[in-house]
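S.K.: model this:
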Amino acid sequence: MTDIESPAPCRKLPVFTGITVLIALAILISLGTWQVERLHWKEGLLADIAERRAAAPVPLADIEAMAAQGGDIEYRTVTATGRYINNKERHFFATWRGQTGYYIYTPLQLADGRYLFVNRGFVPYENKEPEMRMQGQLTDQQTVTGLARAKLPGKPSSLVPDNDVAKNIFYWKDLDVMASSVDLDKADVLPFFLDADSTPNPAGFPIGGVTQVDLPNDHLQYAFTWYGLAAVLLVVVAISWFRPRKGAAQ
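M.R.: Numbering: from 1, shown residues only. Below you'll find the predicted structure:
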């Protein structure tokens, strides 16, 4: 009598392992989907910023009213008129097109006596002091067009150095300290900045139009990473499931 070969027993996935795989798969897919949602949000934000920067400039009063109501004034094109108070300029450490130097923040005195700090643009390190660029120290009434920039609520990061007020070197844009360091009353200073556009200044300095939109958009890459890990997990489980076990009948 010939023995009949019995079929190999069915492979069973342990309950705990199965639950763990399902949870891990759900987490990976959720993370991938979240990154896709962030991608759409970031693309919309970048499109909105591009539209604001290309829009016709609005009067300063419009931006001031929007800021007072808690609106988003960032990168909105605005025009302001006044006189630069050159002896109260502040210097913000910066790099521009690979060159080290400073952004020159100068209070613009408006017709009503208040002040608006204007980022007039970049000067190289050797041109930090005003006497090295006297032609650019405009004294008559000026009309400036540029982008509104919101006041920072605080120091961006613990990695950013503290501002060196004594040497007039700022590493982050602390508007209140910029104002108080040149004896301007906080109540007389508009609570936002203006980044001047690229209209040339006499003798070339400061170099305007230095606003940088630094919003990295890597969400698609991250989404592929999370979805890819989910796919790898499925492949590993499938291989483990269908791979013949040692001792199974041939």
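
S.K.: So residue 111 belongs to a helix, correct?
M.R.: No: judged by DSSP: H, G, I helix; E, B strand; the rest coil, residue 111 forms no part of a helix; its state is coil.

S.K.: Got phi/psi on it?
M.R.: Note on residue 111: backbone dihedrals following degrees, to the nearest 10 are phi -60, psi -30.

S.K.: residues contacting it?
M.R.: 81, 82 (C-beta atoms under 8 Å, 6 or more residues apart in numbering). For glycine as for every other residue, the C-beta is placed from the backbone atoms N, C-alpha and C.

S.K.: what about stretch 72-91, distance to the chain center?
M.R.: Relative to its chain's centre, stretch 72-91 lies at 20 Å (C-alpha atoms, centre = their mean, to the nearest Å).

S.K.: What residues sit buried inside it?
M.R.: 73, 75-80, 82, 84, 86, 88-91 (16 or more other C-beta atoms under 10 Å).

S.K.: what's the first-to-last distance across it?
M.R.: 26 Å (C-alpha to C-alpha, to the nearest Å).

S.K.: swap in stretch 159-169?
M.R.: Stretch 159-169 has its terminal residues 16 Å apart, counting by C-alpha to C-alpha.

S.K.: elements contacting the longest helix along the chain?
M.R.: Of all the segments of type helix in the chain, defined by DSSP state H, the longest one is helix 15-54. Contact partners of helix 15-54 among helices and strands, from 3 or more C-beta pairs under 8 Å, 6 or more residues apart in numbering; DSSP states H and E: helix 219-242.

S.K.: From residue 104, how far off is residue 128?
M.R.: Residue 128 is 9 Å from residue 104, where distance means C-beta to C-beta, to the nearest Å.

S.K.: can you list residues touching both of the two?
M.R.: Overlap of the contact sets of residue 128 and residue 104 (by C-beta under 8 Å, 6+ apart) consists of residue 91.

S.K.: the more surrounded of these two?
M.R.: Set side by side, residue 128 and residue 104 show more neighbours around residue 104, with 30 against 16, by other C-beta atoms under 10 Å.

S.K.: Can you name the residues that contact the more buried one?
M.R.: 89, 90, 91, 92, 119, 120, 121, 122, 123, 206.

S.K.: Are we agreed that the third one is in a helix?
M.R.: No: counting by three-state DSSP, one finds residue 91 to be strand, located in no helix.

S.K.: Next up, the contacts around the nearest residue to it once chain neighbours are set aside.
M.R.: With sequence-adjacent residues excluded and distances taken as C-beta to C-beta, 6 or more residues apart in numbering, residue 91 is closest to residue 102, at 4.2 Å. Contact analysis of residue 102 by C-beta under 8 Å, 6+ apart lists 91, 92, 93, 94, 122, 123, 125, 128, 169.

S.K.: Could you report the separation of the closest residue to the second one other than its chain neighbours from residue 96?
M.R.: Looking back up the chat, that one is residue 92. Spatial nearest neighbour of residue 92, chain neighbours left out: residue 103 (4.2 Å); criterion: C-beta to C-beta, 6+ apart. Distance of residue 103 to residue 96, given as C-beta to C-beta: 8 Å.

S.K.: That concludes my questions; thank you for your assistance.
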